[in-house]
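J.: Give the three-dimensional model of this entry:
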Amino acid sequence: MRRLFPSPAQSAPSVNAPSQGTAGEAVSPPPDGYREWMEDREWTLDELAEAYAYPEAAAAAAAGTEASHGWLRANMVSSVDGAAHHEGRSQPLSSDADMRIFGVLRGLADAVIAGAETVRQEGYRPARAREAFAARRAAAGQGPAPAIAVVSASLDLDFSLPLFTEPLVPTVLLTGAGADADRVKAARAAGAQVVFAGEGAAVDPARVPGALAGLGLTRLLTEGGPRLLGQFAAAGALDELCLSLAPLVTVGDAPRIMNAPGLTVPERFRLASVLEDDGFLFTRYRRA
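T.: Residues are numbered from 1 along each chain as shown. Down below sits the predicted model:
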């Protein structure tokens, strides 16, 4: 893996530059960080964690020193022709490096948000504690693993699954205040923490970050699916997008990473970083 952006502050030296100038003067050495920037190597988990660290605003919100809903980032993968999955799942578009970053993003988060359909299709299980992130999470005042937060209007979920029976931290269900009372009761009986984020049966995406912040969960990660991510973006709730671009073509009719009614005016995001590994591009964009 190598970093493509941002580059060192100084310009890179020419690969054809002579070791000495024409007048016999030594050529200046490469700028600090240049060789590390260019080197293609396996990054440690600590290096990836630093590269993907949440901004200070999220930490301040978690500590209660700043009034904020924290920080909502998304992590998605796409083929070069725009498919968000292949045959209903994202795994065929992934790679070893993509899965390492996936694990790091989970290791940094307070909560992982996913739509009910994605939970069913991808077979979500509880997030597990990882020794590699134990000290970092303890220092940040986080629990041993992120909570899984499922967005569902109907609460049509199988509460006998490990996601509800075996979590290290209680699974959170985000639904509307008008959700079916029997399903709410069943969810709570299964150990889930039910949080209302909307006046009707449906969830208001704009209210999700604040609802989770009320539980002390401010470093937020959503893994979609495309419909939920599109709703977050349309509601102006998305702060950051981590997009893995796979060097694969799928054709077909799979949805894009965001699948929701279009915005009247496209919203601008700025490029924050790009890593590359075996043709995969790992980009990170933040709200401009």
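
J.: List the residues that contact the residue lying closest to Ala127 once chain neighbours are set aside.
T.: Excluding its sequence neighbours, the residue lying closest to Ala127 (CB to CB, 6 or more residues apart in numbering) is Ala145, at 4.3 Å. Any C-beta I mention is one placed from the backbone N, CA and C, and that applies to glycine too. By CB atoms under 8 Å, 6 or more residues apart in numbering, Ala145 lies in contact with 126-130, 168-169.

J.: Show me how far stretch 118-138 is from its chain's centre.
T.: Centre-to-centre, stretch 118-138 and its host chain are 13 Å apart (CA atoms, centre = their mean, to the nearest Å).

J.: same check, this time on stretch 98-108
T.: With CA atoms, centre = their mean as the basis, stretch 98-108 stands 8 Å off its chain's centre.

J.: quick one: low-confidence parts of the protein?
T.: 8-38, 57-68 (pLDDT under 70).

J.: Output the longest helix belonging to it.
T.: Ranked by number of residues, the top helix in the chain under DSSP state H is helix 96-108.

J.: Can you list the buried residues in that one?
T.: Going by neighbour count (16 or more other CB atoms under 10 Å), the buried part of helix 96-108 is 97-98, 100-108.

J.: now stretch 128-136
T.: Buried, per 16+ other CB under 10 Å, within stretch 128-136: 130, 133, 136.

J.: will you turn those into JSON lines that also has distance to Val208?
T.: Putting those into JSON lines (distance: CB to CB, whole Å) gives the following:
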{"residue": "Arg130", "distance to Val208": "25"}
{"residue": "Phe133", "distance to Val208": "24"}
{"residue": "Arg136", "distance to Val208": "25"}
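
J.: Okay, and which of those residues map to helices?
T.: Judged by DSSP H, the subset of the buried residues of stretch 128-136 located in helices is 133, 136.

J.: Out of the buried residues of stretch 128-136, which is nearest to Arg188?
T.: Arg130 (28.5 Å; CB to CB).

J.: And the closest one, how close does it get to Leu168?
T.: 11 Å (CB to CB, to the nearest Å).

J.: what does stretch 240-256 contact?
T.: Stretch 240-256 is contacted from outside by 52, 71-86, 92-95, 98, 101, 105, 226-227, 257, 269, 272, 279-287, using CB under 8 Å, 6+ apart.

J.: If we ignore the residues flanking it in sequence, what's nearest Phe269?
T.: In space, Phe269 is closest to Tyr285, 4.0 Å off (CB to CB, 6+ apart).

J.: So the one you found: helix, strand or coil?
T.: Tyr285 falls in the strand class when you classify it by DSSP: H, G, I helix; E, B strand; the rest coil.

J.: And it, how close does it get to Arg2?
T.: Counting by CB to CB, the separation of Tyr285 from Arg2 is 19 Å.

J.: swap in Val169?
T.: Plainly put, Val169 is 35 Å away from Arg2 if you go by CB to CB.

J.: neighbour-wise, which of the two wins?
T.: The residue with more neighbours, out of Val169 and Arg2, is Val169; 19 against 14, by other CB atoms under 10 Å.

J.: Ala147 is in contact with the more buried one, correct?
T.: Yes: if you go by CB atoms under 8 Å, Val169 and Ala147 touch, sitting 4.8 Å apart.
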